[in-house]
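# sequence first, predicted model second:
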Amino acid sequence: MDKERIIQITINGIRKQGASFSIDRLSLEAKMSKKTIYGIFSSKTELGKGIFEYLLVSFPSSCGVSLHESLKAYSTFLGIAQNGILDRLGFSNEERDYLLSQKDKMFDLFYSFFGKRADGPKESLRFVLESSLPRVFTMDSSDETLFGIQKVIFHE
């Protein structure tokens with residue numbers, strides 16, 4: 001329970017503050033000591049890995065819920081992977097490469113659920129999503145923006 005709560009608070013904090021979200025801030029928002037957090041995640045890198053593991057495991061179920069939930073989950077993954085957060089979390093090049101390789105698997109899964117509903121070919125959809133979703137992740141109006149993307153690309 002604490003692990004998932006820490007992950008959710010971290011994702012929301014990164015969404016609002018970007019790479020400047022800190023363990024101190026996490027501790028404050030989670031109402032836990034840093035010692036407790038580091039007892040659950042031994043380092044910032046382990047916390048980052050926990051976030052990505054959570055996103056990768058939960059992504060298939062979000063695809064089963066709705067297009068909007070899938071776009072939101074995909075936006076979160078891309079936003080954290082591509083907005084300088086990996087550097088801040090202390091990821092090595094090898095770890096970064098692995099996570100970015102997961103991006104392709106996520107897109108393929110997303111496409112298998114929703115590709116037939118999209119305008120245009122698969123690679124065009126990939127380009128549009130991968131160029132727009134990382135920015136959407138950090139927007140205050142991310143839900144409205146995702147609905148806009150959904151309307152334009154999927155006519156929903």
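Sure, I can see it.
# who are the packing partners of the lowest-mean-pLDDT helix or strand in the chain?
Lowest by mean pLDDT, DSSP states H and E among the helices and strands of the chain is helix 85-88, with a mean of 80. Here helix 85-88 touches helix 44-65, helix 93-114, going by 3 or more C-beta pairs under 8 Å, 6 or more residues apart in numbering; DSSP states H and E. Where C-beta positions appear, they are placed from N, C-alpha and C, glycine not excepted.
# change it to 10 Å
Contacts defined by 3 or more C-beta pairs under 10 Å, 6 or more residues apart in numbering; DSSP states H and E place helix 85-88 against helix 2-17, helix 44-65, helix 93-114.
# need the ones you listed in TSV (columns: mean pLDDT).
Below are the helices and strands packed on helix 85-88 laid out as TSV (pLDDT from 0 to 100):
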stretch	mean pLDDT
helix 2-17	91
helix 44-65	87
helix 93-114	86
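# buried residues of stretch 61-75, list them for me.
For stretch 61-75, a neighbour-count test (16 or more other C-beta atoms under 10 Å) marks 62-63, 67-75 as buried.
# related to what we said a few turns ago, CSV for the helices and strands packed on helix 85-88, including distance to Pro134?
Below are those laid out as CSV (distance: least, C-beta to C-beta, whole Å):
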stretch, distance to Pro134
helix 2-17, 11
helix 44-65, 14
helix 93-114, 10
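# relative to Phe127, which of these is closest?
helix 93-114 (10.5 Å; C-beta to C-beta).
# the closest one vs helix 44-65, what angle?
On the basis of axes from the mean of the first three to the mean of the last three C-alpha atoms, to 10 degrees, helix 93-114 is oriented at 10 degrees to helix 44-65.
# helix 93-114 packs against which elements?
helix 44-65, helix 67-82, helix 85-88, helix 122-137, helix 142-154.
# dump the ones you listed into a markdown table; add distance to Ile11 as well.
A markdown table is the format used below for the helices and strands packed on helix 93-114 (distance: least, C-beta to C-beta, whole Å):
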| stretch | distance to Ile11 |
| --- | --- |
| helix 44-65 | 6 |
| helix 67-82 | 6 |
| helix 85-88 | 10 |
| helix 122-137 | 9 |
| helix 142-154 | 12 |
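# if you compare the ones you listed, which one is most tucked away?
Ranked by mean neighbour count under mean count of other C-beta atoms under 10 Å, the helices and strands packed on helix 93-114 are led by helix 67-82, which reaches a mean of 22.
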